[in-house]
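In: could you look at this predicted model? Sequence included:
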Amino acid sequence: MIKIIKKGSKNKKEDPEKKEQQVPPEEKVSSQFSKNFDENFNKFKEYLQSSDDVVFRQFTSATGVKCGVIFIDGLVSKELVQMHVIRPLMQEGQNLKKTSQTENNKDNKESSKGANNDKKEQENSGGEEAVAFIIERIITAAETREAENLDKAMLPLMSGETVLLVDGYDKAIIVGTREMQSRGVQEPVSESVVRGPREGFTEVIRSNTALIRRRVRDPNLVQKTFTVGRRSKTPVVVSYIKGIANPKLVERVEKRIKEIDIDDLIEAGEIEQFIEDNNLSPFPQIQNTERPDKAAAALMEGRVVIMVDGTPFVLIMPANLYQFFQSPEDYYERWIIGSILRSLRWLGSLLATFAPAIYVAIISFHPGMLPTTLVLSVAASRQGVPFPAFVEALLMEVTIELLREAGARLPKAIGQTIGIVGGIIVGDAAVRAGITSPFMVIIVAITAISSFIIPSYSAAIAFRVIRFPIMILATTLGMYGILLSFIFINIHLVVLKSFGANYMSPVAPVRVHDWKDTFVRVPLQLMRRRPEFIDPIDIDRYRQDPVKEV
Amino acid sequence: MDRQRDMDRISGVQVTALVSSAVIGVGIMSLPNRIADQVKTGATVIAIVSAVMVLIATYIVAFLSRRFPYRTVFDYGPTIVGRILGKLITGVLLFDFILVSSIVVRMFAYVIKLFLLEQTPIEVIIISILMVSAYLVQNGINPIARICELFFPITIIALSLLLILSLQNFDFKELYSSWQIGAMDLLKGIPSTMLAYLGFEVLLIVPAFMIEPKGVIKYGITGVGAAVVLYIVTVVMCIGVFSGDDLRYLLYPTLELAKTISFPGAFAERFDIFFAVFWVLAVFTTIAIYHYLSAFSMTRFFGLKNYRPFCYFLLPVIYFLSLSPQNIYQTRLAAALVSYVGGLVSFVLPVVLLVTALLRKKGVSYREK
Amino acid sequence: MKNRLFFLLIVTYMLFLTGCWDVVELEDRAFVLGIALDKAEKEEDIVVTYQIALPSQMFGENPGGGEKVKNISTVAPNIIRANRQILTRIDKVLNIEHLQVILIGEELARDGFYKHIDLFFRDTNVRRKTNVLITEGKAADYFEITPLTALSASQYISDIMRLNESRVHQVSSAVDILKLAISIREGRDYFITKVSKAEKDVVVSGAAVFKSNKMIGWLDADEAGKAKWLINDLTAATIILQDVNGIQGQVVFEVQNSRTRIKPVVRGEQVEFDVNIRTEGIVVERENVNFNVSEKADFIHELEESIEAKIRRDCMEIFEAAQKKYETDFLNLGHLVQLYNIRWWEKNEKQWERIFKDAKLNLNVDAYIRGVGLTE
């Protein structure tokens, strides 16, 4: 897929205006509707005739007015179209006047997506009273709104709504008829927990927003839609809780989203890369998750959630380093377990990052650090190994990475087995052939296992990646090299920011209050306030009265 | 989100971490040796007395800074003593910071070479640490403060662990003689010792970045106090383990201390490498702070705003300076020279400035509350 | 932007660090487990013997065959030269980070070995816990012994020191590099653990006495034990009492802990040592001694007194031996004087030898028998 992507994010000085300066493809035809039904109908046909899944249905209402519906088969609920649009019009329009001069009284049902609310002024006469009557009395569908021109009618049509054209009226009526095949709510694949809800987001954005609403029944929850992607016109929902989330943060997020100029947006990850602060860093500055409970909790903390239609992964920002070590289970289990698990994860990540490098450093530079018997034992096991420790380590690590990537592509059942079998066989054979020492295999195995302990895949990758430069430094400068890389990584992390929040907070800068949820998890009773680094407006978790405060 | 972000400001706790990190550096490696070099007995007394004097000096500097909130010594120096002298002060400070950076880098690289990397050319060690320092310093005082916040507890814990573990070799009797000292010896020993505690002069500049300058005294004293306590305990432990008169032969008593530790289970040996690792963190912060201060003073000396180019420009300067001593004795000589300049800056200068400021009624007083 | 540029710079720099100067692969290292120093034929030379580990023999797939260590000797004026000479004969890099033990032959000890050992004090790689021992006869011979329970003679000896020095009071206190360094540099007299041969084994007991850095005599096992009573905090010792109070048979008392406190008292040029020894332990064995119920309390008291008497005797003997027989303060009591009376020491240090000869010992021993084991 070749995409036309314009440079987004940081250096963007262009603003949304520019978008409108460019000529959208639809404009070749004058997009204003006329009062003539056939003209309007044909406007659509010119664009969409070549696609067979677009259905054009022309009919006459009970009162003899020419009407037509256009919809896309597969995206609409035909039942709805038939029973609630076509049938009422055809059968019950006795009171519809044939005259083309009537007044219009717009009465739009509000859809939860936010409709275009045009107010009353209508100079155009012609079918308006009729249309108002249609909308108010005849169309029994739950959602309707209007579109003045082709441009505005296209997007809803493409999204699964039905366009209803009435002769004598120069606007199109959009009826909400969406129904599409989707996966249905299932257990999230990438983030399963032992204890906790097993619901995951799906690819349909509406059901995702619903999943969140179910968990945050606060009327202050705001869910705003943006459209990103010139051709894909993907709906993107920015969600936050008004009164908790810092308005500066929300503004920043919205601004960056509006600045994205791309023709095709498929996954949330693409948004992530456009709006994140530093895309040279291996560390993710935005969290992603498939779990509604995680998203809801984030909203409660005052963070902003972005949902993208077509992918079950939602984005959460701002993020700091320590959040990637949090798993929902930490909170659902009791606090001692939560703390132990959390600390274990830290240990695991340290191991995963530094273990191979420390091995190389000790073997090649400072064998004095091990007890004598151990050193002699390792030396014995390394007899006959032709490579220096670094090459050996590199070989094994790369092999493990290959195995892991390969294992990810295989179907579930085979994947596990091949992974284990492959690992064992390769490791054993390598030792037998004298390519590596058994010690190295142990280290590599521990490293691999430890890197799985990080709940967030994106963060785990970061640690996996930096392992290699650290190994290189270890082989050139020994323990000092490892130390230098440790300092270097810390500097990088300390400078990194995520939407204005420091990445290393609460350790640097020190916010003692936030420590309750970093390396350990203190009992919920003690977690009375929201994390400070996000700088929410309303910091207390307790004694909230959302409705009254509004 | 962070008020700190846009203005490169730091908090009180960060000041504590900064000052402490500036003081704890190379000095801790050789302090007991330097004391033992000067006097036969009474090392503990010297350490404590020097510490007290350093705390007093810190108080003076902090007090001075508090009188001129949000301003560095480069700003209020000229205010107090006039432009020409103010420029001179800036120049002296610049000179001092560059010298300190170089000598610390040199001593650090030398110890690394001795204990960790014997064959590696010292230039490589120096370049590598300077580059990492530059990576940090180019971003301003705030990231430096955060790194100090991060490393400071680690260093403290590691050093405390070292001291606690060496209790197994500790013989309290060895300390008996270190309490007795004659007045002459005291006077002789104090100057060179006090200078190992150098680092608090950063309080001439750093408090200008504080969000709330009122607390500078409290935070400064805490930082220096922590460092100083650590030093004293180190001296005590070294005497206890090595016996006071042998200390003059041990050039790096602190690392020797680490060498004497043995764990019963013996799962790891050569603890000196282990502790050298943590020590590197402490020295790195010192180097980064002085590097920043050098760049900053240079900027102010030339009356410019952006210190970043100076940050890079100073790299070769510090590099060549740090390589100029040819052997260990020249290094010590250089260190002594630098400590005298540093002493001038930290002890003499603030007193002069403060007295002048009080006499000429410059600055803000905090009496009115 | 600059941030990123610099970042890239550093990354590229890393790639240029292609010279790994300090890398020596593990299998290229020869781990020296022990060094033995002996007197050579020529006056200025010493014989240096290295015991080098052969890891594959020790842990490899075919154990039991062949030697687990390799002993190489060379003659050189000092150890540094010896190192160089060895490197021409061996295909590995010498590594003394795991040096377990330094053995010094008797003859060399009598001549004075201190000038050769300075290098161990300066080298950063030597462990401070490395033990130094004086051997009866030639030191190099001791490396030839293949112990059954250890991988090498060096480790064998060092393990004895590590494990048993605190359990048996005949094993004289361990002298490690650190202590030795301090003693030599401060010009003190000292004594070093002795090791001797016995059939196919080594025996670590007793000590060698050094005056002015030259060996002047041996302390046998008992004497070494007495020295420990006087100056050490013992952790284990046994005292055998014969015929207590006329009652036949032996009683054996095992010390569980003991504390010695010596306080020197100076008067003019006289020095007196007030020694307080407090020891606790249990009776572990008796032979033909009846414990009658009514006699118990008294009897224990008598036992305690006998113990105290014996300890007093022992300490006095060793003290007088130091004064008269060896005429040297190898027990390092002078240092204690220095610690407690620094001013006096500064004035009288030079005459310490003379003063020591006239020093007096005031002993006060308290022994407590806490229990008698499981049976009456």
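Out: All right, it came through fine. Residues are numbered from 1 along each chain as shown, chains lettered A, B, ... in the order given.

In: quick one: contacts for the closest residue in space to residue A:206 that isn't next to it in sequence?
Out: In this structure, residue A:206 finds its nearest non-sequential neighbour in residue A:178, 7.4 Å apart by Cβ to Cβ, 6 or more residues apart in numbering or on different chains. (Glycine included, C-beta is placed from N, CA and C.) By Cβ atoms under 8 Å, 6 or more residues apart in numbering or on different chains, the residues touching residue A:178 are A:75, A:76, A:77, A:159, A:160, A:161, A:206.

In: so what's residue A:178 bridging to?
Out: When bridges are called by DSSP bridges, residue A:178 pairs up with residue A:76.

In: packing partners of the longest helix anywhere in chain C?
Out: Looking across chain C with DSSP state H, the single longest helix is helix C:296-320. Under the contact criterion of 3 or more Cβ pairs under 8 Å, 6 or more residues apart in numbering or on different chains; DSSP states H and E, helix C:296-320 touches helix C:221-231, strand C:237-242, strand C:250-267, strand C:270-286, strand C:360-371.

In: against which helices or strands is the following helix or strand past it packed?
Out: The helix or strand immediately downstream of helix C:296-320 is helix C:333-340, counting by DSSP states H and E. Identification of packing neighbours for helix C:333-340 by 3+ Cβ pairs under 8 Å, 6+ apart yields strand C:250-267, strand C:270-286, helix C:342-348, helix C:352-357.

In: got the contact list for helix C:333-340?
Out: Helix C:333-340 has contacts (Cβ under 8 Å, 6+ apart) with B:173-174, B:176-177, B:243, C:186, C:188, C:231, C:262-264, C:266, C:271, C:273, C:344-345, C:349, C:352, C:356, C:359.

In: how about 7 Å then?
Out: Here helix C:333-340 makes contact (Cβ atoms under 7 Å, 6 or more residues apart in numbering or on different chains) with B:173-174, B:176-177, C:188, C:262-264, C:266, C:271, C:273, C:345, C:352, C:356.

In: which of the residues you listed are buried?
Out: B:173-174, B:176-177, C:188, C:262, C:264, C:266, C:271, C:273, C:345, C:352, C:356 (16 or more other Cβ atoms under 10 Å in any protein chain shown).

In: nearest to residue B:153 among those?
Out: residue B:174 (30.5 Å; Cβ to Cβ).

In: counting neighbours, what do you get for the residue in the stretch 1-150 of chain C that chain B sits nearest to?
Out: Ranked by Cβ to the nearest Cβ, the top residue of the stretch 1-150 of chain C for proximity to chain B is residue C:21, at 4.2 Å. Other residues lying near residue C:21 total 14 when counted by other Cβ atoms under 10 Å in any protein chain shown.

In: make a markdown table from the contacts of helix C:333-340 and add distance to residue A:334 and pLDDT to it.
Out: Listed next are the contacts of helix C:333-340 as a markdown table, based on distance: Cβ to Cβ, whole Å; pLDDT from 0 to 100:
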| residue | distance to residue A:334 | pLDDT |
| --- | --- | --- |
| B:173 | 51 | 79 |
| B:174 | 50 | 80 |
| B:176 | 54 | 77 |
| B:177 | 56 | 73 |
| C:188 | 62 | 83 |
| C:262 | 57 | 86 |
| C:263 | 58 | 86 |
| C:264 | 62 | 86 |
| C:266 | 66 | 83 |
| C:271 | 67 | 83 |
| C:273 | 63 | 86 |
| C:345 | 64 | 81 |
| C:352 | 68 | 83 |
| C:356 | 69 | 84 |
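
In: and the most centrally placed residue in chain C, which of the three is it?
Out: In chain C, the C-alpha nearest the mean C-alpha coordinate belongs to residue C:174, at 2.1 Å (Cα atoms, centre = their mean). Going by DSSP: H, G, I helix; E, B strand; the rest coil, the secondary structure assigned to residue C:174 is coil.

In: so the nearest residue to residue A:392 once chain neighbours are set aside: helix, strand or coil?
Out: Nearest residue to residue A:392, sequence neighbours excluded (Cβ to Cβ, 6+ apart): residue A:436, at 5.0 Å. Following three-state DSSP, the label given to residue A:436 is coil.

In: distance of the nearest residue to residue C:329 once chain neighbours are set aside from chain A?
Out: Spatial nearest neighbour of residue C:329, excluding adjacent residues (Cβ to Cβ, 6+ apart): residue C:356 at 4.9 Å. For residue C:356, the distance to chain A (Cβ to the nearest Cβ, to the nearest Å) stands at 40 Å.

In: give me the distance between residue C:356 and residue C:326.
Out: Look at residue C:356 and residue C:326: by Cβ to Cβ, to the nearest Å, they are 11 Å apart.

In: isn't residue B:353 right next to residue B:80, touching?
Out: Yes: in this structure, residue B:353 is within contact of residue B:80 by Cβ atoms under 7 Å, at 5.6 Å.

In: of those two, who's got more company?
Out: residue B:353 (27 against 24).

In: in a strand, the more buried one, correct?
Out: No: secondary structure of residue B:353 (three-state DSSP): helix, not part of a strand.

In: give the contact list for it.
Out: Residue B:353 touches B:64, B:77, B:80, counting by Cβ under 7 Å, 6+ apart.

In: likewise residue C:208?
Out: C:109, C:134, C:191, C:192, C:194, C:215, C:218.

In: sec struct for it, please.
Out: Residue C:208 - assigned by three-state DSSP - is strand.

In: please name the nearest non-neighbouring residue to it.
Out: Residue C:208 sits nearest to residue C:134 (Cβ to Cβ, 6+ apart), 4.1 Å away.

In: one more: residue A:148?
Out: residue A:171 (5.5 Å).

In: with residue B:182 instead?
Out: Residue B:182's closest residue in space is residue B:42 (Cβ to Cβ, 6+ apart), at 7.7 Å.

In: quick revisit: which one of the contacts of helix C:333-340 sits closest to residue C:181?
Out: residue C:188 (11.2 Å).

In: and that closest one, backbone torsions?
Out: Dihedral pair for residue C:188: phi -90, psi 170, per degrees, to the nearest 10.

In: wait, isn't it in contact with residue C:330?
Out: No: the pair residue C:188 / residue C:330 is not scored as a contact, 8.5 Å apart, by Cβ under 7 Å.
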